[in-house]
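# Got a predicted structure here, sequence first:
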Amino acid sequence: MKKIVFITDFFLSDLPFGGGAEFNDEELTTQIEKSGVSVHKVRSRDLNIEFLKQLNEEVGIVLSNFTHLGEECKNYIEFNLNYIIYEHDHKYIIGRDPSKFVGFRAPNDSKINQNLYKNALAVFCQTDYHASILYRNLEIDNIYVTKCSFWSDDDFNVIQGLIDNDKEDVYSILSTSNANKNTQSTIKYCEKKNKNYELIADKDYYSFLKKLSKNNKFIFLPTTPETLSRVCVEARMLGCGVTTNSLVGCKYEKWFSLKGKELIAYLREQKAKVVQNLLNLFTGSGSDLKYVPLKKLSIVVPVYNDESHIKNALNDLLAQTYSNIEIIVVNDGSSDQTEKVCLEYQKKYNQIKYFSKKNGGTGSALNFGFKNATGFYGTWASSDDRRSPKCYDKLIKSISPDKELAFSAYYSERFRLNWRSYFPKDDEMFINQQGFVSPEVKASGQVYIVKNWIELNYNNCHSGVCFLFTMSLKRRCGEYLELPGEDYHMAVKMAMNTKENEVVYIDEVLGVHGYNPTSLTSENVRCVLEAEAFTKQMIVDWKNNK
């Protein structure tokens, strides 16, 4: 690779103070040039087809910020040139703000530049958090993660010289009129918590760093996703503690636990690694920065004449924080507007797969759905139940890496009580045969690995509404009974087929068991008796054969 054409909306020299992307790109291009590759900088608004047609395969294109780039130029680059996208702020979404959408999943009519991203040699993201948001929207396999941003050697030297400054017990707050940075709410937070704080800002970058270094804490509570947040990393390099929320990409990185000179050393080394990986991708040499998506979760949703609940159910599933999901909706012969609603959602969201079949009951719909599942993990969701956004994220984390089946506590809408199978009592695990507990008694969040879950289910069904299993376990257990009560039977059967009959239980309310007075089990509670009988006999036989 002899030459890189670096395309962006603004270079650092174009702006009076510069932003994070411009600072990053300035040092990135400097490091590329130091590696012996020449860099030709072009503003996206100045790019034209005549210039692009002069380029050949020995020239690589790096697209940074490109909102000013014309469609004709985008198309030419996509089909004719080798290019890498250095992603800063979600330019695959109209408005570049994924927080406007449930689960950061934009509907298809709010996505742009999809093929440009898909056909790039690589799309570089700055953190795994950044990459996970991009993946849940585009599901492309060419994502790479830099795990850093870029600072110059002069910047690092200045920061290192400020590390040992005496620090006051004060929170620094970024003073800015940018509403996304949430300065006013951060002030209110500190005042409510009786925390001393200081608003800091300075047009001169090094003067700003000096102010930041004088306080021992930095607090940053943005309202939109920060792909990395350079200022949070700068605070850590200066030796400050950082308080932030779930929208900041760097907080999820292992290296963010470093601070001071250790963090500076890591970032110096990483920027050299990123440049080498970027150049390697242009020459076909590969890269060790490839993003590995989370293992896919298949969620089967059987639905029958439930037009009034299905929207809420699908919105809950789309809002899940777990980034790699497929939602398999099986319409079991509905005669109302269920199909219309489901088809509208399928058109909007790539995660939703819709199937329609003749009415055969919930068990039949589940068997149909799981035959079309492609995930590593599996679960199913009744259309009249609700789930918290972190439901499946927490269940999957609880069974990784070597468990196969997990359940959690839930709230019963009908009885207005929490169902908690296990919880701490007198410093021990209490086995709650009857299940129900007042919601006034807060769940502990404790995660248990239990071996008596099968016996616990003899008198009452404890499977609930929040559960998850590996698909390998599901395949070993075969199909659901095509009888009401199929969930109870399958849950117990799965527990019998796990290693050492171990089940993970989370004492946290992760969902709501909705009450639908027109459902089959509500109108006829005795309809489950046959499946219950099968299940109880299965438990007796299992105990006798132990």
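Thanks, I have the structure now. Residues are numbered from 1 along each chain as shown.
# in this protein, which helix or strand is least confident?
Every helix and strand of the chain was ranked by mean pLDDT, DSSP states H and E. The lowest is helix 520-523, at a mean of 54.
# Pull out the buried residues from whichever helix or strand comes after that one.
Moving toward the C-terminus from helix 520-523, the next helix or strand (DSSP states H and E) is helix 529-545. Under the neighbour-count criterion of 16 or more other C-beta atoms under 10 Å, helix 529-545 has 531-532, 534-536, 539, 542 buried. Every C-beta, even on glycine, is put in place using the N, C-alpha and C of the backbone.
# now swap in stretch 136-156 and tell me
Neighbour-count burial for stretch 136-156, counted by 16+ other C-beta under 10 Å, picks out 136-140, 142-151, 155-156.
# these two touch, right, K290 and Y144?
Yes. Using C-beta atoms under 8 Å, K290 is in contact with Y144, at 5.7 Å.
# Contacts for the strand or helix carrying G60 next, please.
Assigned by DSSP H and E, G60 belongs to strand 59-63. Here strand 59-63 makes contact (C-beta atoms under 8 Å, 6 or more residues apart in numbering) with 1-8, 55, 69, 77, 81-86, 116, 120, 278-279, 282.
# Swap in 6 Å and give it another go.
Outside strand 59-63, the residues that touch it by C-beta atoms under 6 Å, 6 or more residues apart in numbering are 1, 3-7, 77, 81-86, 282.
# Nearest to G360, out of those: which one, please.
I85 (46.7 Å; C-beta to C-beta).
# So what's the residue count around that closest one?
Applying other C-beta atoms under 10 Å, we find 24 residues neighbouring I85.
# So what does H309 have for phi and psi?
phi -120, psi -20 (degrees, to the nearest 10).
# and V301, that's in a strand?
Yes. Counting by DSSP: H, G, I helix; E, B strand; the rest coil, V301 falls inside a strand.
# and the spatially closest residue to it that is not a sequence neighbour, how many neighbours does it have?
Setting aside the residues directly before and after it, V301 is nearest to V329 in space (C-beta to C-beta, 6 or more residues apart in numbering), at 4.7 Å. V329 sits with 29 neighbouring residues when counted by other C-beta under 10 Å.
# Show me what the helix or strand where V329 lies is packed against.
In this structure, V329 is located in strand 325-332 according to DSSP H and E. Applying 3 or more C-beta pairs under 6 Å, 6 or more residues apart in numbering; DSSP states H and E, one finds that strand 325-332 contacts strand 297-303, helix 338-348, strand 352-357, helix 362-371.
# so which of these gets nearest Y189?
Among those, the nearest to Y189 by C-beta to C-beta is strand 297-303 (33.9 Å).
# Let me know the average pLDDT across the closest one.
The pLDDT scores in strand 297-303 average 98.
# same thing with stretch 333-348?
97.
# Run the chain-centre distance for that stretch.
Relative to its chain's centre, stretch 333-348 lies at 26 Å (C-alpha atoms, centre = their mean, to the nearest Å).
# For the helix of greatest length in the chain, give me every contacting residue.
Secondary structure assigned by DSSP state H gives helix 260-283 as the longest helix of the chain. Helix 260-283 is touched from outside by 1, 31-32, 35, 60, 121-122, 146, 148, 150, 156, 160, 163, 236-237, 239, 255, 258, 287, 289, with contacts defined as C-beta under 6 Å, 6+ apart.
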